[in-house]
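Engineer: sequence first, then the predicted structure, then my questions.
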Amino acid sequence: MPKSEFHYEIEQNFEVLSQRETNTGTKYTKELNLISYSDAEPVYDIRNWTENSEGQRRMGKGITLNLDEIRQLRDALNDLEELNEE
């Protein structure tokens with residue numbers, strides 16, 4: 001059985017959660033996106049991304065969440081008292 005090619009499409013970028021750049025021009029970001037993997041239903045994705053000085057992006061480790069899971073995460077974060085203190 002031939003191995004299918006992995007591909008993805010970022011359908012919406014919601015937020016860059018953090019970013020930094022090295023002295024060699026490599027950029028590191030952590031992003032919240034809506035991504036479709038291999039033409040499947042889009043999922044919410046929190047992931048590290050690396051971009052080299054030529055603009056090529058590579059995905060790093062991350063987590064994918066469906067709509068119910070992202071709602072549960074939102075509710076859990078809203079319940080954290082530490083986040084409500086500013």
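Structural biologist: Good, I have the coordinates.
Engineer: show me where this protein has strands.
Structural biologist: 8-21, 27-37, 43-51, 57-65 (DSSP state E).
Engineer: reformat these as a markdown table; add mean neighbour count.
Structural biologist: Every C-beta, even on glycine, is put in place using the N, C-alpha and C of the backbone. Output for the strands of the chain, formatted as a markdown table (neighbours: other C-beta atoms under 10 Å):
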| stretch | mean neighbour count |
| --- | --- |
| strand 8-21 | 12 |
| strand 27-37 | 17 |
| strand 43-51 | 17 |
| strand 57-65 | 12 |
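Engineer: mean pLDDT and distance to residue 73 added to those, as JSON lines?
Structural biologist: What follows is those, written out as JSON lines (pLDDT from 0 to 100; distance: least, C-beta to C-beta, whole Å):
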{"stretch": "strand 8-21", "mean pLDDT": "97", "distance to residue 73": "13"}
{"stretch": "strand 27-37", "mean pLDDT": "97", "distance to residue 73": "10"}
{"stretch": "strand 43-51", "mean pLDDT": "97", "distance to residue 73": "9"}
{"stretch": "strand 57-65", "mean pLDDT": "97", "distance to residue 73": "7"}
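Engineer: and residue 85, which of the ones you listed is closest to it?
Structural biologist: Nearest of those to residue 85, taken as C-beta to C-beta: strand 8-21 at 20.0 Å.
Engineer: hang on, the earlier thing: and of the strands of the chain, who's closest to residue 83?
Structural biologist: Closest among the strands of the chain, using C-beta to C-beta: strand 8-21, at 14.1 Å.
Engineer: the strands of the chain: which one's closest to residue 76?
Structural biologist: Using C-beta to C-beta, those put strand 57-65 closest to residue 76, at 11.8 Å.
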